[in-house]
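Novice: Dropping the sequence and predicted coords here.
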Protein chains: 4
Amino acid sequence: MKVKLIKYTPEPERAVAMSARLCYSAAGAEELEQSMSEAQIDKLIKKLSNMGHLSTFEHVSFTFAIEGISRVLTHQLVRHRIASYSQQSQRYVAEHGFEYIVPPSIAVKPEAKAKYDTLMRQVQEIYDELLGLGVHQEDARYVLANATETKIVVTMNARSLLHFFEKRCCQRAQWEIRNLANAMLREVQAVAPRLFTKAGPACVALGSCPEGEMSCGRLAGINANK
Amino acid sequence: MKVKLIKYTPEPERAVAMSARLCYSAAGAEELEQSMSEAQIDKLIKKLSNMGHLSTFEHVSFTFAIEGISRVLTHQLVRHRIASYSQQSQRYVAEHGFEYIVPPSIAVKPEAKAKYDTLMRQVQEIYDELLGLGVHQEDARYVLANATETKIVVTMNARSLLHFFEKRCCQRAQWEIRNLANAMLREVQAVAPRLFTKAGPACVALGSCPEGEMSCGRLAGINANK
Amino acid sequence: MKVKLIKYTPEPERAVAMSARLCYSAAGAEELEQSMSEAQIDKLIKKLSNMGHLSTFEHVSFTFAIEGISRVLTHQLVRHRIASYSQQSQRYVAEHGFEYIVPPSIAVKPEAKAKYDTLMRQVQEIYDELLGLGVHQEDARYVLANATETKIVVTMNARSLLHFFEKRCCQRAQWEIRNLANAMLREVQAVAPRLFTKAGPACVALGSCPEGEMSCGRLAGINANK
Amino acid sequence: MKVKLIKYTPEPERAVAMSARLCYSAAGAEELEQSMSEAQIDKLIKKLSNMGHLSTFEHVSFTFAIEGISRVLTHQLVRHRIASYSQQSQRYVAEHGFEYIVPPSIAVKPEAKAKYDTLMRQVQEIYDELLGLGVHQEDARYVLANATETKIVVTMNARSLLHFFEKRCCQRAQWEIRNLANAMLREVQAVAPRLFTKAGPACVALGSCPEGEMSCGRLAGINANK
């Protein structure tokens, strides 16, 4: 999996803090933007995070280039609706010798791994044979596996990202999308640490776990260490 | 493919017409709702449709139960973000002896069809064998084909549906989602014909084709028959 | 203030429960819809509410006709984006002798009330005089007060409503929109009690208060009574 | 009115073009981003615009600081739901000696202007008197006029902006929001001219006018000059 933050709103923390100040001030946006000190930005973002007043976090967006992920993952990913996506098309891009993702639980079992690889080779052969028989790639792709590698460009604003991390960094999320969420979190924490200080699964972000009896127990650990 | 409209806002045409009247009237919603005649509803919806004033079409929603479709289709479908989805999970529902969709272009070529069916049987076998080796179904599903049958419940409001039909009833849309869109269109036209009189691909809905040199030519036919 | 639920998805609780079951079942939507017992619906909705798995709550929508509210309220209301609105236009509907809302804190102070009423009469006079001088109502309305009464039709799905109640039933919300939220909550609880059992401000819905030192203290009371 | 673009996604045209290329290419996003020439970007954006394939335009966002506008305008503005807003609060910011907007049709009529100014002074006096009587500013603001000046920070992505311009640059839109839309259009055309070449009202953007008999006639002029 390759996850790279390729674009984002410049000075995202300043932009969020300025927008929040505007709501409670007689001064204008430009003036606020120039005059706010780092300490003021720091304090304000902390307060907004703690109170869950996240509407100003929407003013900054982050665009990721993501490769080496399966269509299992992207079918889940694109269910997040407050986001924008551009995905490599299986309709227009031929999948000769496609790459595929191997779940770790299969990778560690040699017998399972052998069966998996053999099947993937068969899928590739049949895909090519179907094209050879005059089937268009938009129909040949029906044989492709969920595991087939895909590429996608994703843009989310910081508020939508926080929600995404809350759901998908959770130990109960499916392993591949959790890996993606963790990688995206590392990328944004590197450029806007204050916006994402409290980012993570619900136990980290909210201090509570909605999973009930399915809980992984991490919250108990967090509370024990307080 | 089985497409059934299972729920919708009662009296959808009256609801849309009343909401539109409210904007331009000193009277209240309830009074308008009771007093509008069928002829008034008819005239007003026609005017709204022709002018593209569709915000009032959002007040009515339609819920469909859809079965016998592939995950090729649903991966496209869930990209429509002004909608709500509940889909059968491959993580929680085991796919023993799963059903699969066969593209018509493959169904009509015996040699292609034979290869396709053989591969699907192999996928089923490997899926079961992986489970037998202790792989969880959430990982075994990586071998499942795009063609695997799925079920989904979809809710869209009338405005979002009109947009969906514009894109997906188009001859240039992929065949399976086009079949779905046409089936959904028939369902809603049966219960709210006036809201969906002009529904269909861009050439029907807007009288123009955005596909440029890729156009199917249907618009030329429409114009010739005027 | 007059708040009336005028339309909603039929059998909303059954629709939500069926959609949730579909995700974890090999059976189809129609079959599930018919076969689920009231006890099953009850148990499933309780579980979904407790775990915050609310995506299936989006399949059911509720439409309200609302009158006798100010534009102070509607300017806040329409900030909720996962919703649909049709509002009486001040551009197209003349405001001769408009009605206006009086905040309770003003209504109880005779001196304040007298000043308030006098000003509203002056606004009405000037509005009419501007029209008499040939000013169009779309410009004359610039003199109208925030207090001016308006009418609006609002549609939200159950998930969006739960969020709206969480923010706007809170003691810290502005009094007029809080009154509206409470009235809407009563309306939906009458027709879909199980979907809205836990509906209300954050302290009721989530068992936590995000308001920090501004908290009204209600949560402490809730916890003391446990 | 003061409208300033204060933040936007860096290199917005390259970001859009790269995202579009990714869908139809076996290469990755980063590689595409670096390798695309200006001529390729130019050609691709032109094609996307002409075909209305605007989903990739969502990857780039623009944030505006806007001052010197009325609450007539902002009540309309915030109805655009695919956008983010932070507005100066009348609940928390006192409106002593507030500024107000004067519609041009009133400004040019001395008699109307005199009445307008007198009323605004009275509103200010009563507002201050109410505060003096112990009324909180969140209730005193009910007397404030629609004309009262406000400030707002707005973020929209390029696709949402194109829609906004289509509706609000139209001659039939209300004058104040039209002025805002035109000012925002100038700002974004300065930094991303290729994304907004065809931006403007429907007659400019789409070559058609949905206003029917209410049309301003501009489209006829455009067609005559072809």
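Specialist: That came in fine, so what should we check first? Numbering: from 1, shown residues only, chains lettered A, B, ... in the order given.

Novice: Just list the residues touching residue A:83, thanks.
Specialist: A:154, A:155, A:156, A:160, A:164 (Cβ atoms under 8 Å, 6 or more residues apart in numbering or on different chains). The C-beta positions use only the backbone N, C-alpha and C, and glycine is treated the same way.

Novice: How about the third one, nearest residue that isn't a chain neighbour?
Specialist: Which is residue A:156. In this structure, residue A:156 finds its nearest non-sequential neighbour in residue A:83, 4.5 Å apart by Cβ to Cβ, 6 or more residues apart in numbering or on different chains.

Novice: Help me confirm that residue A:44 comes into contact with residue A:19.
Specialist: No: counting by Cβ atoms under 8 Å, residue A:44 sits too far from residue A:19 to count as a contact (10.1 Å).

Novice: In terms of packing, which of the two has more residues around it?
Specialist: Between residue A:44 and residue A:19, counted using other Cβ atoms under 10 Å in any protein chain shown, residue A:19 has the larger neighbour count: 31 against 20.

Novice: Would you mind pointing out the helix or strand that one falls in?
Specialist: Here residue A:19, judged by DSSP states H and E, is contained in helix A:12-23.

Novice: Please list the residues outside that helix that contact it.
Specialist: Under Cβ under 8 Å, 6+ apart, the answer for helix A:12-23 is A:9, A:27-29, A:32-33, A:36, A:40-41, A:44-45, A:48, A:53, A:56-57, A:59-60, A:62, A:158, A:191-192, A:194-195, D:6-7, D:63, D:65, D:86-89, D:92, D:151-153.

Novice: after that helix comes which helix or strand?
Specialist: helix A:29-35.

Novice: hmm, that next one in reach of chain D?
Specialist: Yes: judged by Cβ under 8 Å from any Cβ of the partner chain, helix A:29-35 and chain D are in contact via A:29, A:30, A:33.

Novice: could you dump those to CSV with neighbour count and pLDDT?
Specialist: Putting these into CSV (neighbours: other Cβ atoms under 10 Å in any protein chain shown; pLDDT from 0 to 100) gives the following:
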residue, neighbour count, pLDDT
A:29, 26, 77
A:30, 14, 77
A:33, 21, 79
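
Novice: the inter-axis angle of whichever strand or helix holds residue A:117 versus helix B:110-132?
Specialist: Applying DSSP H and E as the criterion places residue A:117 in helix A:110-132. Interaxial angle, helix A:110-132 versus helix B:110-132 (axes from the mean of the first three to the mean of the last three Cα atoms, to 10 degrees): 160 degrees.

Novice: Pull out the buried positions in helix A:110-132.
Specialist: With burial defined by 16 or more other Cβ atoms under 10 Å in any protein chain shown, the residues of helix A:110-132 counted as buried are A:112, A:115-116, A:119-120, A:122-124, A:126-127, A:129-131.

Novice: which other residues reach the helix or strand of chain A with the lowest mean pLDDT?
Specialist: Ranked by mean pLDDT, DSSP states H and E, the helix or strand of chain A with the weakest confidence is helix A:29-35, at a mean of 80. Contacts to helix A:29-35, defined as Cβ under 8 Å, 6+ apart, come from residues A:14-15, A:18-19, A:21-22, A:25, A:27, D:4, D:6, D:65-67, D:151, D:153.

Novice: Apart from its chain neighbours, what residue comes closest to the residue nearest the centre of chain A?
Specialist: Nearest to the mean C-alpha position of chain A, by Cα atoms, centre = their mean, lies residue A:181 at 4.0 Å. Of all residues not flanking residue A:181 in the chain, residue A:168 sits nearest, at 3.7 Å (Cβ to Cβ, 6+ apart).

Novice: Now residue A:47: which helix or strand?
Specialist: Residue A:47 belongs to helix A:38-51 when assigned by DSSP H and E.
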